[in-house]
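In: Next input, structure requested:
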Amino acid sequence: MTPPAVSESITRRSASNLALAFILLPADKRRAMSALYAFCREVDDVADEDTRPVAERRARLAAWREDIRTACEDGGEPRFPVNRELKPVIDRFH
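Out: Residues are numbered from 1 along each chain as shown. So this is what the prediction gives:
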């Protein structure tokens, strides 16, 4: 699955009212908002996984933090598909 498909799939699966409102946006902004929403959703899901030990969740959140830092500050290529899609959004709007 390509990164845009990943973010759009996460956004569609959430079925939130906010995500549904993205339909009203122009295509480029809809893709940008889907990437941002998918990032927030993924990180929130890690934090909310009460079936996993706290130490494991912290480690996963640290990996997300490092990966988004790569996208924002280091100019490198993020590992996570959602962050790879979010990187051009950060570059454009940051």
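In: rest of the way, CA atoms for contacts and neighbours
Out: Will do.
In: who are the neighbours in contact with the residue most central in space within the chain?
Out: When CA atoms, centre = their mean is applied to the chain, the residue found nearest the centroid is F39 (1.7 Å). By CA atoms under 8 Å, 6 or more residues apart in numbering, F39 lies in contact with 7, 82-83, 86.
In: for the helix ranked longest in the chain, which positions count as buried?
Out: The longest helix of the chain (DSSP state H) is helix 27-48. By 16 or more other CA atoms under 10 Å, the buried positions in helix 27-48 come out as 30-39, 41-42, 46-47.
In: Now do the helix or strand of the chain with the lowest mean pLDDT: which elements does it pack against?
Out: Across the helices and strands of the chain, mean pLDDT, DSSP states H and E gives its lowest value to helix 3-14, namely a mean of 79. For helix 3-14, the contact count by 3 or more CA pairs under 8 Å, 6 or more residues apart in numbering; DSSP states H and E identifies helix 17-21, helix 27-48, helix 81-93 as packing neighbours.
In: Only C-alpha atoms, please: export that helix in PDB.
Out: Provided in PDB are the C-alpha atoms of helix 3-14 (Å, rounded to 0.1, in the frame of the first residue of the first chain):
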ATOM      1  CA  PRO A   3       1.700   6.100   1.800                       C
ATOM      2  CA  PRO A   4      -1.300   8.100   0.400                       C
ATOM      3  CA  ALA A   5      -3.400   4.900   0.500                       C
ATOM      4  CA  VAL A   6      -2.300   4.200   4.000                       C
ATOM      5  CA  SER A   7      -3.400   7.600   5.400                       C
ATOM      6  CA  GLU A   8      -6.600   7.700   3.400                       C
ATOM      7  CA  SER A   9      -7.400   4.100   4.600                       C
ATOM      8  CA  ILE A  10      -6.700   5.100   8.300                       C
ATOM      9  CA  THR A  11      -8.900   8.200   7.900                       C
ATOM     10  CA  ARG A  12     -11.800   6.300   6.300                       C
ATOM     11  CA  ARG A  13     -11.600   3.500   8.900                       C
ATOM     12  CA  SER A  14     -12.000   6.100  11.700                       C
END
